[in-house]
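1. Next comes the sequence, and after it the predicted model I'd like to discuss.
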2 protein chains.
Amino acid sequence: MVEFDNYKLVDKGVCAAKGFKAGGINVGIKPGSKKRDLAVISCDTKCTAAAIYTQNKVKGAPIIVTKEHLKNGIAQAVIVNSGNANTCNSNGIEIAEQMCELCANELGIDKNDMIVGSTGVIGQKLSIDPVKNNIKTLVDSISEDGSSLACEAIMTTDTRKKELAVEFTLDGKTCHIGGISKGSGMINPNMATMLAFITTDVKINAELLHKALKRTADITYNMVSVDGDTSTNDTLCIMASGLAGNKEITAEDKDYEVFINGLYAVMMNLARETARDGEGATKLMECVVDHAPTEAVAKSVALSVINSSLLKAAIFAADANWGRILCAIGYAEGDFDISKVEVVLSSSKGSVKVCENGAGVDFSEDEAFKILSEDEIVIRIDMHDGADKSVAWGCDLTYEYVKINAEYRS
Amino acid sequence: MVEFDNYKLVDKGVCAAKGFKAGGINVGIKPGSKKRDLAVISCDTKCTAAAIYTQNKVKGAPIIVTKEHLKNGIAQAVIVNSGNANTCNSNGIEIAEQMCELCANELGIDKNDMIVGSTGVIGQKLSIDPVKNNIKTLVDSISEDGSSLACEAIMTTDTRKKELAVEFTLDGKTCHIGGISKGSGMINPNMATMLAFITTDVKINAELLHKALKRTADITYNMVSVDGDTSTNDTLCIMASGLAGNKEITAEDKDYEVFINGLYAVMMNLARETARDGEGATKLMECVVDHAPTEAVAKSVALSVINSSLLKAAIFAADANWGRILCAIGYAEGDFDISKVEVVLSSSKGSVKVCENGAGVDFSEDEAFKILSEDEIVIRIDMHDGADKSVAWGCDLTYEYVKINAEYRS
């Protein structure tokens, strides 16, 4: 995890913020699977809440229901299943609504204060029975230590839990922001995760909460790409309990800045871990673009490089095939001068410049191989053509990616 | 190959058209390699000529030189090497010009009538010595049976030769159009091949030749995608000798239509074979979109589906994971109604409808598996939302793609 001054990493994920509890159990969404597959996060009080969703025209039924429920900017709990996306099914909305109702009744809250999510295979009907038969057990599993159980329950092909919280001071009060996330395949900007749930005890109004979430997503989750496929179910939610006791944030003032920096610390790390855990990935690729003529160009170049299948395969092999980097820069959108571009590859083993003024320079292939054999690779592109910058995250392309996606439904 | 009425498939590739000869030899562009790596195509007379090039901002030096030479719409010969792209090198243009000059001198023609191409690794300097030392042998290799030698010499990771010619009647004369092409990796629209060379003996002016080439590329090569990477060196050239004896085509009349339909027969087949031979591919995927609201939507949907890594991996496994098709349709550009979409999968083993009105329908997984186990898969998408259509071609994503691209430079 990348650490930030004034934001201390703490345990308990989505339960670090005051008022939140979570749980996760196995209910058999996929018959025969023993993996936890149903998660809940709930708060002692009603929260201000905001969410952003996939840009895919095919939207999972849970998104349609959650959007409706969040119209008033208020939520109190989340229910999420893995193993089935509840998408492209004729009765999907009905099922998503039933999930909300069952959970709300058991929690004793309003069903319209529920957020609902689903992740897994698209186009297979989701039976309500496993949820209905186990809703009491799910709610009974809720505790202040339940974040990692919820985190496990939302995983599909993820190989690591993505869970994080930070503690910081705002308006003299100790505050928290925490989150859990699942990603893995079908990861591409807008949004770069299938599901992420963030909680905080900071008091902030719904409008600014949404604004902060959107702005932070644009430079974190929306800069992650695993395979260029944008999922139908991507959802990023935040709930703010207000229990930290700070004076409510209602303007883009200094307190807002402290809050949004904390949000960045959490979301950037979750997004980065999502890239690292891309399906079949063995390496995290970070592409830093600097001195670009505009931020749009910087973003386009960073994502173009991170998305190149050819480069991703070369990085898997620790091969400094920088021509593929130049090629990917070349098909990025926007106006810029390719003949000024400089490229440096680095990792914990050192740095090597491979390209200057848009053309190759002599370098040691042995040294480059050593650098690229590490598991966190930084591709630094200096465009020498302006003052804007951007960072994108991705991963290498491996045999395992093909294997996972050739066998996903079986 | 797909056959078309009135256009007879004939042998001899680029040498089928009157006046053209070709050759190809090994000159050791990559030290140690014994593969043919230098090709030549030449014509007895000056030809009208046209070309279209990669949209990548990084353009190989041969493109810059060829563009300059084709300003007058005239060419007489082509020289192409594989094994090195002559791109992102400080002396690239100089080398490309030397290749033209050496070849033109040996052929006894004007160096400004030369087309030059290179394909292979980007960013490694290309020595002129192998070309200089062997230019006489290359030109001596030229014959009327040399098309397949030239075709071999332009291959990189291609596993099959892409070579074709058709014979047809125009203005009462027997005419020909033939071509050779290489593709494999780094294949994406604008352009979907690294190199293709087309010859014809039809007499047609340079302006209409360019127009026919552009229009046909838009529905053939520009609808092929292997991995979403757009190469720096893509070049599609056509030379017309005029030796068939027809009255010169100078307007978009009936003769022009006969010509452009022949050009489609050649380019569509070459493009399709390029998709089939995508790096590591085991299957050709053809996506046919029908009843779309606009041609732009039809194209966008077809390419989105053909490009989905998740779907490509599923097709490799013969898994009818149609949710990934819906998902890919959902992130295509343009306005359309996803809830009307119907999807049918087919091959020589039959057809199976997997989705109707944007939602799944019951089907036999066993039957779908049998259909998808063939090596030519058609994904037919009926949008029930208009009258426009489009076809795109791609291939499955396999372990072998990763292997080839992880090891390409070694």
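-> Perfect, I can see it now.
2. For the stretch 1-150 of chain A, what lies in contact range of chain B?
-> A:55-59, A:85, A:87-90, A:121-125 (C-beta under 8 Å from any C-beta of the partner chain). C-beta here means a position set from N, CA and C on the backbone, and glycine is covered the same way.
3. Identify the spatial nearest neighbour of residue A:209, chain neighbours not counted.
-> residue A:50 (4.7 Å; C-beta to C-beta, 6 or more residues apart in numbering or on different chains).
4. same question for stretch A:223-231, mean pLDDT?
-> Per-residue pLDDT values across stretch A:223-231 average out to 74.
5. same thing with stretch A:258-276?
-> On average, the pLDDT along stretch A:258-276 is 95.
6. Is any residue of that stretch near chain B?
-> No: Stretch A:258-276 does not reach chain B (C-beta under 8 Å from any C-beta); its nearest approach is 15.3 Å.
7. How about stretch A:354-373?
-> Yes: residues of stretch A:354-373 are located near chain B by C-beta under 8 Å from any C-beta, namely A:355, A:358-360.
8. one step back: the residue nearest to residue A:209 contacts residue A:204, correct?
-> No: with contact defined as C-beta atoms under 8 Å, residue A:50 does not count as touching residue A:204 (9.7 Å).
9. sorry, back to before: what's the ChimeraX line that selects buried ones from the residues of the stretch 1-150 of chain A next to chain B?
-> To isolate the buried members of the residues of the stretch 1-150 of chain A next to chain B in ChimeraX, using 16 or more other C-beta atoms under 10 Å in any protein chain shown:
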select /A:56,57,58,59,85,87,88,89,121,122,123,124
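10. Farthest pair within the residues of the stretch 1-150 of chain A next to chain B?
-> The span of those, defined through C-beta to C-beta, is set by A:55 and A:125 at 25.3 Å.
11. Next, the distance between the ends of stretch A:342-354.
-> 8 Å (C-alpha to C-alpha, to the nearest Å).
12. list the buried ones in that stretch?
-> Buried residues in stretch A:342-354 (16+ other C-beta under 10 Å): A:342-347, A:352-354.
13. SS state for residue A:266?
-> Three-state assignment for residue A:266 (DSSP: H, G, I helix; E, B strand; the rest coil): helix.
14. Up against chain B, what does the stretch 251-400 of chain A have?
-> With C-beta under 8 Å from any C-beta as the criterion, the stretch 251-400 of chain A comes near chain B at residues A:307-310, A:313-314, A:316-317, A:319, A:321-324, A:326-332, A:336, A:338, A:355, A:358-360, A:397-399.
15. so of these, which ones are in strands?
-> Those of those mapping onto strands are A:355, A:359-360, per DSSP state E.
16. hang on, the earlier thing: strands paired with the one helix or strand the residue nearest to residue A:209 maps to, and their directions?
-> Under the criterion of DSSP states H and E, residue A:50 resides in strand A:38-53. According to DSSP bridges, strand A:38-53 forms sheet pairs with strand A:20-25 (antiparallel), strand A:74-82 (antiparallel), strand A:235-240 (antiparallel).
17. and these, which is most packed in?
-> Per residue and on average, the most neighbours among those fall to strand A:235-240, with a mean of 28 (mean count of other C-beta atoms under 10 Å in any protein chain shown).
18. on that earlier part again, what's the closest of the residues of the stretch 1-150 of chain A next to chain B to residue A:65?
-> Distance to residue A:65 across the residues of the stretch 1-150 of chain A next to chain B (C-beta to C-beta) is lowest for residue A:59, with 10.4 Å.
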